[in-house]
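Colleague: When you get a sec, could you give me coordinates for this:
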Amino acid sequence: MATKAAYKRLSKEYITMQREPPPFVWAAPEEKDILTWNYIIHGPPDSPYVGGEYHGVLLFPSEYPFKPPGIKMYTPSGRFQPDKKICFSMSDFHPGSWNPAWSVATILTGLVSFMLSDEMTTGSVTTSDTDKRVYASRSHAWNLQQRRFREAFPEYCTPSRRPLPNMGEKERGMPDTPSSETSSSVSVSATPAARQPQTPTLKLALAAQQPVLPKTVGVIRPRKGRAVTMPGAGDGSRGWAASWRQVVWEKWRWGVLIALAVVVSRITTST
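Modeller: Residues are numbered from 1 along each chain as shown. Below is the predicted model:
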């Protein structure tokens, strides 16, 4: 069972994960156990893992953030042994090097970096780049057959691999992939039960769907309430003619008023 400190910290990190997920990574705690987080990693471009989808789990101790988590990857990748704990500097194999300031995002970003290296350690395997590409091409289909993946990420159980919230693939040159994220309602919750992330990418996608309204033509309204349509609205010749008539009328009217004022002034001064 999580301590108050662990529960508060992990809840805060889940909110942060929803707002600012790292590139190529998504993670969420299980609804009944906040100490167990399922994660998805998408293979970065320019790597043997491109196109791959890798499911794993972070196993946090009740003393988190003062002790590091255990880390496993379930999906065969050609880099790690499936369902075996992985040894690297941010895992429970190295409690002495653990930094309490590290977060879920930090751990998973470090795991991606470690995955791209060739360093051999407990839980790793040696395969060729060709083998890794084969595993990557089969990874999503493999995940769909796993009950743990379907229960942890039902929203990602689609026929083709669904993009993660942070579209790092686009930023690094991957081709655009249709996403169903913009078609569903999005909610944010501070509790682990929330499943759908709300991110700047989604907000931009939703904003892009709004229709662009054409610019309207301005209308000048004289003092007497007569509206004069500016040139460009309706028939062009009628618009110009109406505008010139209005200008002539305004100047003529003011001219008459000024002339009358001058005449009255002279009559007054002469008397």
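Colleague: Can you tell me the SS state at Y7?
Modeller: helix (DSSP: H, G, I helix; E, B strand; the rest coil).
Colleague: That one touches I34, doesn't it?
Modeller: Yes - judged on C-beta atoms under 8 Å, Y7 makes contact with I34 at a distance of 5.9 Å. (C-beta placed from N, C-alpha, C; glycine too.)
Colleague: Can you get me a residue count around the closest residue to A101 other than its chain neighbours?
Modeller: In space, and not counting its chain neighbours, A101 is closest to P65: 7.9 Å by C-beta to C-beta, 6 or more residues apart in numbering. As a burial measure, P65 scores 20 neighbours (other C-beta atoms under 10 Å).
Colleague: got the phi/psi numbers for P65?
Modeller: phi -90, psi 20 (degrees, to the nearest 10).
Colleague: Who are the contact partners of it?
Modeller: Residues near P65 by C-beta atoms under 8 Å, 6 or more residues apart in numbering: A5, A6, R9, P100, A101, W102, S103.
Colleague: May I see the ChimeraX selection of the buried members of these?
Modeller: Remark: buried members of the contacts of P65, expressed as a ChimeraX selection using 16 or more other C-beta atoms under 10 Å:
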select :6,9,102,103
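Colleague: Just send the contacts of P65 back as TSV, with pLDDT and distance to F60 too.
Modeller: Compiled in TSV, the contacts of P65 are given as follows (pLDDT from 0 to 100; distance: C-beta to C-beta, whole Å):
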residue	pLDDT	distance to F60
A5	95	12
A6	97	7
R9	97	9
P100	96	12
A101	96	15
W102	97	12
S103	97	11
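Colleague: can you confirm R133 is in a strand?
Modeller: No - with three-state DSSP as the criterion, R133 is located in helix rather than a strand.
Colleague: how near is it to P100?
Modeller: Applying C-beta to C-beta, to the nearest Å, the value for R133 to P100 is 38 Å.
Colleague: The closest residue to T75 other than its chain neighbours: helix or strand, and which one exactly?
Modeller: Nearest residue to T75, sequence neighbours excluded (C-beta to C-beta, 6+ apart): Y54, at 4.4 Å. Element membership of Y54 [criterion: DSSP states H and E] is strand 53-59.
Colleague: Closest one to F24 out of the contacts of P65, please.
Modeller: Nearest to F24, judged by C-beta to C-beta, of the contacts of P65 is S103 at 16.3 Å.
Colleague: Find the nearest non-adjacent residue to the closest one, please.
Modeller: E13 is the one closest to S103 (C-beta to C-beta, 6+ apart), at 5.2 Å.
Colleague: Show me where the protein has its strands.
Modeller: 25-30, 33-42, 53-59, 70-73, 219-220, 228-229 (DSSP state E).
Colleague: Could you dump those into CSV with mean pLDDT and distance to M120 added?
Modeller: As requested, those are exported to CSV (pLDDT from 0 to 100; distance: least, C-beta to C-beta, whole Å):
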stretch, mean pLDDT, distance to M120
strand 25-30, 97, 23
strand 33-42, 98, 20
strand 53-59, 98, 19
strand 70-73, 98, 15
strand 219-220, 40, 75
strand 228-229, 42, 78
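Colleague: Let's have the ones you listed in TSV, adding mean neighbour count.
Modeller: Putting the strands of the chain into TSV (neighbours: other C-beta atoms under 10 Å) gives the following:
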stretch	mean neighbour count
strand 25-30	21
strand 33-42	21
strand 53-59	23
strand 70-73	21
strand 219-220	10
strand 228-229	15
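Colleague: could you redo these as CSV and give each row distance to D92?
Modeller: As requested, the strands of the chain are exported to CSV (distance: least, C-beta to C-beta, whole Å):
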stretch, distance to D92
strand 25-30, 17
strand 33-42, 13
strand 53-59, 8
strand 70-73, 5
strand 219-220, 71
strand 228-229, 75
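Colleague: So, low pLDDT: which residues of the stretch 151-271 of the chain?
Modeller: 167-257, 259-271 (pLDDT under 70).
Colleague: so how many other residues sit close to I15?
Modeller: For I15, using other C-beta under 10 Å, the count is 15.
Colleague: Give me the pLDDT value at it.
Modeller: Looking at I15, its pLDDT reads 96.
Colleague: how close does it sit to Y64?
Modeller: Taking C-beta to C-beta, one finds I15 at 16 Å from Y64.
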